[in-house]
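Q: One predicted model, sequence on top.
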Amino acid sequence: MVRTLTGNHSSIALVSAVGSPPHTYRIKYDVLSLRDAGDEPADTTDHLVLITLGNDYPRAAPMCQMMSEVFHPNIDTSTICVGDHWTPGEKLSDLIVRIAEMLAYQSYNIRSPLNAKAAMWADLNPSRLPTDKRSFV
């Protein structure tokens, strides 16, 4: 399903899948998002995400880590917050789409942020969101 999604989507690409069956994925996103540029965030479109399936997957959410800079309330350098919405029945391909939606600010939570500065900015600038209006499904 991951290969089908990434093979059919111009904005989401599978860079690598390690293991048989795969347990580690590198996914490249071409999604308009934001990066921290001081006082005001700047546009960015090139994102790399590392997704690792642990021993408890699918009962436990995959570990998702940004490998590129992004300015988002629910993303920091060590993790992407996917656990709040994770269910064992969720497909990995659906999670990959959900991360694209997060990068595009189609999905974000300012009440439980990993990045307080990004949460405050999103709260004060709702008219500038989402950054990318395309559907990633």
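A: Perfect, I can see it now.
Q: Give me the contacts around the host helix or strand of L5.
A: For L5, the element it lies in under DSSP states H and E is helix 2-8. Outside of helix 2-8, the residues within contact range by CB atoms under 8 Å, 6 or more residues apart in numbering are 12-14, 17, 22, 25, 27, 92-93, 96-97. From N, CA and C alone the C-beta is placed, and that goes for glycine too.
Q: pretty sure E69 is touching T45, no?
A: No. Contact criterion CB atoms under 8 Å: E69 and T45 do not qualify, at 11.9 Å.
Q: what's the distance between the spatially most central residue of the chain and I110?
A: Central residue of the chain (CA atoms, centre = their mean): I99, 2.8 Å from the mean position. For I99, the distance to I110 equals 18 Å [CB to CB, to the nearest Å].
Q: Repeat that for S11.
A: On the measure of CB to CB, S11 and I110 end up 25 Å apart.
Q: So these two - more neighbours on which side?
A: Set side by side, S11 and I110 show more neighbours around S11, with 19 against 16, by other CB atoms under 10 Å.
Q: List phi and psi for E101.
A: With angles defined as degrees, to the nearest 10, E101 sits at phi -60, psi -40.
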